[in-house]
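J.: This is a predicted model, with the sequence first.
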Amino acid sequence: MTDPILELRHVGVTLTGRDGSVNEVSQDVSLELAPREFVSIVGPSGAGKTTLLRVAAGLRRPTAGEVRFGGKPLTEVQAGISVVFQEYNKSLFPWLSIFKNVAMGARRLPVAERSSRVRGALDMVGLQGFESRYPWELSGGMQQRAALARALVSDPKVLMLDEPFASVDALTRGLLEDVVGDLWERSSFAALLVTHDVGEAVYLSDRVLVLSTRPSRVLAEVKIDLPRPRSQGSTRQLQRFVELEAQVLGLVHQAGRSAAGERPAT
Amino acid sequence: MIRAPRRAARLRRAGLWGLGWVGLGVAMLVWQVVAVVKHSALFPTFTATVSTLWQMLTSSFVTSDLIPSVIRLLIGFAISALIGIVVGLLTGYYRAVREWTTAFFDFSRSLPTPLLIPVALVLFGLGGTMVVVIIATAAVWPVLINTANATAALEPTLVDTARCLGLRGPALLTKVILPAVSPQIFAGLRVGISVSLAVLVVAEILGGSSGIGFFISSAQQSFQITASYAGVLVLCLIGWVADSLFLLVERRLLRWQRGIVGGVHD
């Protein structure tokens, strides 16, 4: 197997409140992401999925263990990792046009390449013609496309997606899943998706990791052996898809139940 | 396609705008009528006040009082704006700075500025410097507090996004945080300019050797009542011009924000 592009080694995250209260969010989470691989993290709500993603992105330091990116320890945000957040309306800069928003993602590129790369990224997500619009003039789905273009314009090694489609309607969600899937097929980034939507995780991923409730650990890993390219119409009809979805869903429920059973003991 | 309703809206706005002027005209008329009826040397008519004002504008009043006051106002306000924005951003963004300074700021800003005038007189003597210092001391608070509160309440997602895009340090402050909190900064500045005007007059009355405040109080003391009324009118005009300029700049710079809140008209 090739060397992983991103590695979490025994990562633990403990939040210390200002009143001194200690909240252990994650405990010993390990995962590897190979180049070009698509991995999803699912788990019951409150499993600290978002915190884990922030650690993986270098936005927060783990209290135990380490994160490695490209074979080196990751201690700060770094070029090569892009993140798309759930709340596109808080993530896009409302004072900048769509073009300038995406150009913010191209800041590390040579100046001469920037505008052609921005245009290319906007084409990729189907936003050509909306360059001079402001984020708040676009629908939720289009805003998230813009956020995706901004994340991908720098040609990252790893794309991290934190519940990226949780704030849009079901139809738009399906469309956006396909946008991400297509871009992933055509480009060379590895993707790490955090979601509570099991079907979405199975539909997009090579592997799905199931987290336990807090303090979270990786409970199970499910390999998704569905053929690619995938499409909403055909893939979700496959017997194998239904089986995998049921399997992962069962694991998530089990994780939630075991936590409920354990709680009195703690 | 929506031209007709838009034109209607524009007409309605023009109508409302016109109404404001009519209201002002009515107030002047009331002033005139009351003064004529009372016929008192202590209460000049509106027309007499305006004609005195007109004479003043061609007298030494302009160079010895009006211009010095305006310069003090601008310098004092500029200093307060600069300090308020810079310190506000720092206290808002860095929690450590905030915790260290909160008590000091709360204590200082609750002090009525006119109380400082005797102290400032001792330190800076009669005249311009003292007035500028007093203006800056008073007007800095609304700017500082507004900027700090808005910065502290920034969406974490916005800051995370900026960090992921490789923005840090001064670039993070100027390219993301400053524009994000600019609506609140403007609100603070607008309060700051009216505070500036108020303390300008107080400082000039109590410890000035020139300026509009000094002019008004010395006119009153030498029973040139009409001239002191005219001085008050000059202050009104300065305040109105300052506020109008402000709105103009704000409308330009914060167009994006009016889009978000759904086209608030003022």
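T.: Yep, it's here. Numbering: from 1, shown residues only, chains lettered A, B, ... in the order given.

J.: Got phi/psi on A:Arg230?
T.: phi -110, psi 160 (degrees, to the nearest 10).

J.: Now for A:Ser115, how many residues are close by?
T.: 14 (other Cβ atoms under 10 Å in any protein chain shown). C-beta here means a position set from N, CA and C on the backbone, and glycine is covered the same way.

J.: for the one 3 residues further on, same thing?
T.: Burial measure for A:Val118: 24 neighbouring residues, criterion other Cβ under 10 Å.

J.: and it, how far is that from A:Pro94?
T.: 18 Å (Cβ to Cβ, to the nearest Å).

J.: Secondary structure element holding residue 27?
T.: I went with chain A, as the question did not name one. According to DSSP states H and E, A:Gln27 maps onto strand A:22-33.

J.: my bad, chain B
T.: With DSSP H and E as the criterion, B:Ala27 is inside helix B:3-38.

J.: Check the offset of the helix or strand following that helix from the chain's centre.
T.: Using DSSP H and E, the helix or strand that directly follows helix B:3-38 along the chain is helix B:46-56. Helix B:46-56 has its average C-alpha position 25 Å from the chain's average C-alpha position, going by Cα atoms, centre = their mean, to the nearest Å.

J.: Next up, the contacts around the residue most central in space within chain B.
T.: In chain B, the residue lying closest to the centroid (Cα atoms, centre = their mean) is B:Ile193, at 1.5 Å. Residues in contact with B:Ile193 (Cβ atoms under 8 Å, 6 or more residues apart in numbering or on different chains) are B:Phe77, B:Ala139, B:Ala242, B:Asp243, B:Phe246.

J.: quick one: A:Tyr88 and A:Asn101, what's the gap?
T.: 10 Å.

J.: which residues do these two both contact?
T.: Common neighbours of A:Tyr88 and A:Asn101 (Cβ under 8 Å, 6+ apart) are A:Pro135, A:Ala146.

J.: Quick check: pLDDT value at residue 52.
T.: Going with chain A. pLDDT recorded at A:Leu52 is 92.

J.: that's the other chain; I wanted chain B
T.: 94.

J.: And the one 5 residues further on, by the same measure?
T.: According to the model's per-residue confidence, B:Leu57 sits at a pLDDT of 92.

J.: what does chain B put close to chain A?
T.: B:155, B:157-158, B:160-161, B:163-167, B:175-176, B:179-180, B:182, B:256-257, B:259-260 (Cβ under 8 Å from any Cβ of the partner chain).

J.: Only whichever of those residues are buried, select them in PyMOL.
T.: Restricted to buried positions by 16 or more other Cβ atoms under 10 Å in any protein chain shown, the PyMOL selection for the residues of chain B next to chain A reads:
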select buried, chain B and resi 157+158+160+161+163+164+165+166+167+175+176+179+180+182+256+257+259+260
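
J.: Return the subset of the residues of chain B next to chain A lying in helices.
T.: The helices, defined by DSSP state H, take in B:157-158, B:160-161, B:163-164, B:179-180, B:182, B:256-257, B:259-260 from the residues of chain B next to chain A.

J.: Count the neighbours of the nearest residue to B:Ala230 once chain neighbours are set aside for me.
T.: What sits nearest to B:Ala230 in space, not counting adjacent residues and going by Cβ to Cβ, 6 or more residues apart in numbering or on different chains, is B:Leu53, at 4.0 Å. The tally of other residues near B:Leu53 (other Cβ under 10 Å) stands at 19.

J.: Relative to A:Ser212, how far out is B:Leu53?
T.: With Cβ to Cβ as the criterion, B:Leu53 and A:Ser212 are 79 Å apart.

J.: Same question for B:Leu42.
T.: 83 Å.

J.: what's the answer for B:Ala8, then?
T.: 61 Å.

J.: With B:Ile145 instead?
T.: 45 Å.

J.: Also B:Val132?
T.: 64 Å.

J.: Same question for B:Gly192.
T.: 53 Å.

J.: where exactly do the strands run in the stretch 151-266 of chain A?
T.: Counting by DSSP state E, counting those that start in this stretch, the stretch 151-266 of chain A has strands at residues A:158-162, A:190-194, A:207-211, A:218-223.

J.: To B:Phe61, which of those strands lies closest?
T.: strand A:158-162 (64.4 Å; Cβ to Cβ).

J.: hmm, who's touching the closest one?
T.: With Cβ under 8 Å, 6+ apart as the criterion, strand A:158-162 contacts A:5-6, A:33, A:49-50, A:53, A:56-57, A:69, A:80-86, A:151-152, A:180, A:184, A:189-195.

J.: Count the residues that sit near the nearest residue in space to A:Gln27 that is not next to it in sequence.
T.: Leaving out its chain neighbours, the residue that sits closest to A:Gln27 by Cβ to Cβ, 6+ apart is A:Pro215, at 3.7 Å. By other Cβ under 10 Å, the residues close to A:Pro215 number 19.

J.: Then the one 5 residues further on?
T.: Neighbouring residues of A:Ala220 were enumerated by other Cβ under 10 Å; the total is 17.

J.: what does A:Tyr203 give?
T.: There are 23 residues near A:Tyr203, going by other Cβ under 10 Å.

J.: Show me where the stretch 1-150 of chain A has its helices.
T.: A:49-56, A:88-91, A:98-104, A:111-124, A:140-152 (DSSP state H, counting those that start in this stretch).

J.: Quick one, which of those helices gets closest to chain B.
T.: helix A:88-91 (4.2 Å; Cβ to the nearest Cβ).

J.: hmm, back to that, surely the residue nearest to B:Ala230 and B:Cys236 touch.
T.: No - contact criterion Cβ atoms under 8 Å: B:Leu53 and B:Cys236 do not qualify, at 10.6 Å.

J.: Which strands or helices does the strand holding A:Gln27 pack on?
T.: strand A:6-16, strand A:38-42, helix A:49-56, strand A:64-69, strand A:218-223 (3 or more Cβ pairs under 8 Å, 6 or more residues apart in numbering or on different chains; DSSP states H and E).

J.: Of these, which stretch is the most buried?
T.: Among the helices and strands packed on strand A:22-33, ranked by average contacts under mean count of other Cβ atoms under 10 Å in any protein chain shown, first place goes to strand A:38-42 (a mean of 25).

J.: ok, B:Ala8 and A:Ser212, which is more surrounded?
T.: A:Ser212 (25 against 10).

J.: what does the model give the more buried one for pLDDT?
T.: Looking at A:Ser212, the pLDDT reads 89.

J.: wait, it sits on A:Lys49?
T.: No - if you go by Cβ under 8 Å, A:Ser212 and A:Lys49 don't touch, sitting 11.2 Å apart.

J.: which parts of chain A sit against chain B?
T.: Looking at chain B, the residues of chain A close enough under Cβ under 8 Å from any Cβ are A:54, A:57, A:59, A:77, A:79, A:81-83, A:85, A:87, A:90-91, A:93-95, A:104-105, A:107-108, A:134, A:136-137, A:150.

J.: quick revisit: output the strands of the stretch 151-266 of chain A as a markdown table; include the columns distance to B:Leu111.
T.: Listed next are the strands of the stretch 151-266 of chain A as a markdown table, based on distance: least, Cβ to Cβ, whole Å:
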| stretch | distance to B:Leu111 |
| --- | --- |
| strand A:158-162 | 46 |
| strand A:190-194 | 50 |
| strand A:207-211 | 54 |
| strand A:218-223 | 58 |
